[in-house]
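Enquirer: Build me a model from this:
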Amino acid sequence: ATFGTVKTDLMSGSDIECANISASDTAWMMAATAFVLFMTPGLAFFYGGLVPRKSVITIIMQCYISMSVTSIVWAVIGYSLAFGKSWGGIGLIGDPSSYPLLLNLHRCAAWPGSRVPEILFACYQMMFAVIAPALITGAFADRVLFPAYILFIVLWVPLVYCPFVHWIWNSEGFLAKWGVVDFAGGIVVHISAGFAALASIFVVGPRKFTTDFDRRMSRVPHNRTLVALGTGMLFLGWFGFNGGSGAAASGRGGFA
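Expert: Okay, here's the model as predicted:
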């Protein structure tokens, strides 16, 4: 699709209803997308309450910057690598030319196996991509410079996260063909982020303290109220994280 065609599809004033799109499923997935996005600020408050006072602003901003940087990476190339047609047909990675800048997504085309628009599905999956790098920040709190973290996001999302998504959540992925099922990101999000966090610990090394007092204070949560607030926001977000993974306002999503 050309840019002009996409502009017509997404910005036209036509009120013609798309027959293959469910209004109820679409409304729920829009809400679920907002819920999952809400989890990243929740994670920022949760981590911000756990770290020492001097590191609060840094780790909160690391979580928030993921929302902007990851969104750009996802729109430019990430969604294509994750959900595009499998490059070479071997199920390892998507073709980068599938959805460059999300240009080939149509508002009246439903994502296969669902009744929600492709563009909404792309936005919903983007929220998962946003929180994945933010999860890793808790492992290297106090020890990574901000520019280095931005570079990490730009490289990690397309080189690590997107292949995981393609393998399991894309029907052409080789693990999906083997029958691997990940309903709400236990493998794609948490295992990829968890192992990345573990690897980052070996790279940045242990924290260094000048006095024993500093060592003891580093183990004291900065603000328990922030921890409680962040926990509540994460708990609310899980309704979209799990419930929205069925891509429908259905019994399956309600059970999840």
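
Enquirer: Just the pLDDT for Ala32.
Expert: With respect to pLDDT, Ala32 has a value of 94.

Enquirer: Kindly report the same for Asp142.
Expert: 80.

Enquirer: Could you do the one 10 residues further on as well?
Expert: pLDDT, the model's per-residue confidence, is 96 for Phe152.

Enquirer: host element of it?
Expert: According to DSSP states H and E, Phe152 maps onto helix 146-156.

Enquirer: So which elements touch that helix?
Expert: If you count contacts as 3 or more CB pairs under 8 Å, 6 or more residues apart in numbering; DSSP states H and E, helix 146-156 packs onto helix 56-73, helix 118-136. All C-beta atoms are positioned from the backbone trio N, CA, C, and that covers glycine.

Enquirer: for that helix, which positions count as buried?
Expert: 149-150, 152-153, 156 (16 or more other CB atoms under 10 Å).

Enquirer: again, but for stretch 182-196
Expert: Neighbour-count burial for stretch 182-196 flags 182, 184-185, 187-189, 192-193, 196 (criterion: 16+ other CB under 10 Å).

Enquirer: Low-confidence bits of this protein, can you list those?
Expert: Filtered on pLDDT under 70, the chain yields the residue ranges 1-17, 209, 213-215, 217-218.

Enquirer: any idea which helix is longest in it?
Expert: Longest helix of the chain, by residue count under DSSP state H: helix 23-50.

Enquirer: what distance separates that helix from the middle of the whole chain?
Expert: Centroid separation for helix 23-50 versus its chain: 10 Å, with CA atoms, centre = their mean, to the nearest Å.

Enquirer: And that helix, what does it pack against?
Expert: If contacts are counted by 3+ CB pairs under 8 Å, 6+ apart, helix 23-50 sits against helix 56-73, helix 118-136, helix 224-243.

Enquirer: Mind listing residues that contact the first one?
Expert: By CB atoms under 8 Å, 6 or more residues apart in numbering, the residues outside helix 56-73 that reach it are 37, 40-41, 43-45, 47-48, 51, 78, 126, 129-134, 137-138, 141-142, 146, 149-150, 153-154, 157-158, 222-223.

Enquirer: Now which of those would you call buried?
Expert: Buried among the contacts of helix 56-73 (16+ other CB under 10 Å): 37, 40-41, 43-45, 47-48, 51, 78, 126, 129-134, 137-138, 141, 149-150, 153, 157-158, 222.

Enquirer: quick one: secondary structure of Asn104?
Expert: With DSSP: H, G, I helix; E, B strand; the rest coil as the basis, Asn104 sits in coil.

Enquirer: and it, how many residues sit next to it?
Expert: Neighbour count for Asn104, taken as other CB atoms under 10 Å: 17.

Enquirer: ditto for the one 3 residues further on
Expert: A total of 16 residues lie near Arg107 under the criterion other CB under 10 Å.

Enquirer: That one and Lys85, how far apart?
Expert: Plainly put, Arg107 is 20 Å away from Lys85 if you go by CB to CB, to the nearest Å.

Enquirer: Please name the residues that touch Ala247.
Expert: 25, 29, 111, 113-114, 116, 121, 124, 253.

Enquirer: my bad, Leu120
Expert: Here Leu120 is in contact with 26, 29-30, 33 (criterion: CB under 8 Å, 6+ apart).

Enquirer: same deal with Ser80?
Expert: 94-100.

Enquirer: again, only using 6 Å
Expert: 94, 96, 98-99 (CB atoms under 6 Å, 6 or more residues apart in numbering).

Enquirer: Filter the contacts of Ala247 down to the buried ones.
Expert: Buried among the contacts of Ala247 (16+ other CB under 10 Å): 25, 29, 111, 114, 116, 121, 124, 253.

Enquirer: got those residues as a markdown table, with distance to Ile59 columns?
Expert: Converted to a markdown table, the buried ones among the contacts of Ala247 look like this (distance: CB to CB, whole Å):
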| residue | distance to Ile59 |
| --- | --- |
| Asp25 | 36 |
| Met29 | 30 |
| Trp111 | 34 |
| Ser114 | 36 |
| Val116 | 34 |
| Phe121 | 31 |
| Tyr124 | 26 |
| Gly253 | 32 |
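
Enquirer: Before I go, just wanted to say thanks for your time.
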